[in-house]
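K.L.:
below is the sequence, then the predicted model.
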Amino acid sequence: MAQFAQMQTEQLREIEEQHSSGVYAKRPLMLVRGEGTRVWDADGKEYLDCATGIGVAAVGHSNPQVAQSIADQARTLMTCADAHFYNDKRAELIHKLVEIAPGERLKRVFLCNSGTEANEAAIKFARGFTKKPGIIAATRGFHGRTLGALTATWNPKYRKPFQPLLPNFQHVPFGQIEPLESAINEETAAVLLEPVQGEGGIFPPPSGYLKAVRELCTRKNILLILDEVQTGFGRTGKMFACEHFSVEPDILCMAKAMGGGMPIGAILLREDIVIAKGLHGSTFGGNPLACAAALAAIRYIEQNHLPERAAETGRYFLEQLNKLKEHEVVREARGMGLMLALQLRVKSGFYLQRLMEHAILALPASNTVIRFLPPLEITHQEVDRVIAALNSVLPERPDGKPSAEEDD
């Protein structure tokens, strides 16, 4: 450990470059500390974080209540297999998730470790319960990179290298009810959608769409699975995004912000949706350490009214982003709550790098989107700091002239 403490940043980066798997294209930045809305690199430079580990640190980095809960539980009991034993923290978390669930029918919980695992579980429960193989997902949708979740994911960049993928999956245009209805057949088990598409570019649904999907699924006796991995726990201005549309799914997937930084995921299930014991499981899912972190994070969200804060600050943030349309390179701004996108007419990578040089961290989404997923306690003054940085960098061009417009 002393050896690593004495290493320079470049040496540590070189270790990752040489020995990690190589699947990530990282930015040249080593983050070593975080607090609230800020993170610091190895040289002590401070950044305003609108990336938050891809929407994970909704309650802020190193949230004191979450950190204390983790420390207390680590000294008590860290692991207890959900497959074999009951546990007090797990029971408490399950009760809390059922309590905050949208609607009245989501009464069962399966705990796992990530968003892609939640979607895998949802697909398996849907197929196992209905005894049908068909899953319908949406264009631009993103549900993870493990094999089942990847099959539901739209982007060919992620899918093509691993084909053939699972059979009996279809994709239909997001926001259009007619193609969805046409795709349903006697083999359809479920429709799987993000209520607000995230990785695909931050696309809220058209008015009435999710209601129509819910009514269609009910009429056709198929399951509606909503992937709230990115939208859940206050991100869009409600605890869950489906509450904006008064829609209750049959299966609800969650992760990211759920653990306040700790890896954890879950699905909420309609009470009658069950499969035989032993047909699914997870070694680490529902471990007491992650459950304690999730309980602390959810309580912090509730006690500090973070969904309401996200709604209010998100409106202000979106108003300011809309003012940036005076820049030639900007096409539009969109989003809900603090899940926001600035759509450009060119690739976003250059501008993400320039924002980082202005001490602002943001994310891509598709080729041409700058995505903002800040902590839910970001202030108006911090939003103004982001807007000032954008006003500085948006007039710039990688080669000194406008780039060709890119497809989404």
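P.N.:
Cool, the structure landed. Numbering: from 1, shown residues only.
K.L.:
show me where the chain has helices.
P.N.:
Secondary structure of the chain (DSSP state H): helices located at 2-5, 9-19, 52-55, 64-74, 88-100, 115-130, 147-152, 156-159, 177-183, 209-220, 288-303, 306-322, 349-357, 380-393.
K.L.:
which residues belonging to the third one are considered buried?
P.N.:
When burial is assessed from 16 or more other CB atoms under 10 Å, helix 52-55 yields the following buried residues: 52-53, 55. In short, each C-beta sits where N, CA and C put it, glycine included.
K.L.:
again with stretch 34-50
P.N.:
Quick answer for stretch 34-50 (16+ other CB under 10 Å): 34, 36-39, 41-42, 47-50.
K.L.:
repeat that for stretch 275-286.
P.N.:
Buried residues in stretch 275-286, counting neighbours by 16+ other CB under 10 Å, are found at 275, 282, 284-286.
K.L.:
ok, now stretch 118-132?
P.N.:
Residues 118-130, 132 are the ones in stretch 118-132 that count as buried (16+ other CB under 10 Å).
K.L.:
nearest to R75 among those?
P.N.:
Ranked by distance to R75 (CB to CB), the buried residues of stretch 118-132 are led by A118 at 28.6 Å.
K.L.:
before we move on, the earlier item: just the buried residues of stretch 34-50: which has the poorest pLDDT?
P.N.:
Least confident entry in the buried residues of stretch 34-50, by pLDDT: A42, with 92.
K.L.:
could you check how far that one is from A359?
P.N.:
A42 sits 15 Å away from A359, going by CB to CB, to the nearest Å.
K.L.:
so who does the nearest residue to I70 once chain neighbours are set aside touch?
P.N.:
Closest residue in space to I70, ignoring its immediate chain neighbours: A293 at 5.2 Å, by CB to CB, 6 or more residues apart in numbering. Counting by CB atoms under 8 Å, 6 or more residues apart in numbering, A293 touches 66, 69-70, 73, 259-262, 264.
K.L.:
and the residues you listed, which two are the farthest apart?
P.N.:
The span of these, defined through CB to CB, is set by Q73 and G261 at 14.0 Å.
K.L.:
coming back round to it: for the buried residues of stretch 118-132, which one is nearest S246?
P.N.:
Of all the buried residues of stretch 118-132, S246 sits closest to A122, with 21.3 Å by CB to CB.
K.L.:
for that closest one, give me its contacts.
P.N.:
Contacts for A122 (CB under 8 Å, 6+ apart) come out as 190, 192, 225, 227, 251, 253, 267.
K.L.:
appreciated, that's everything.
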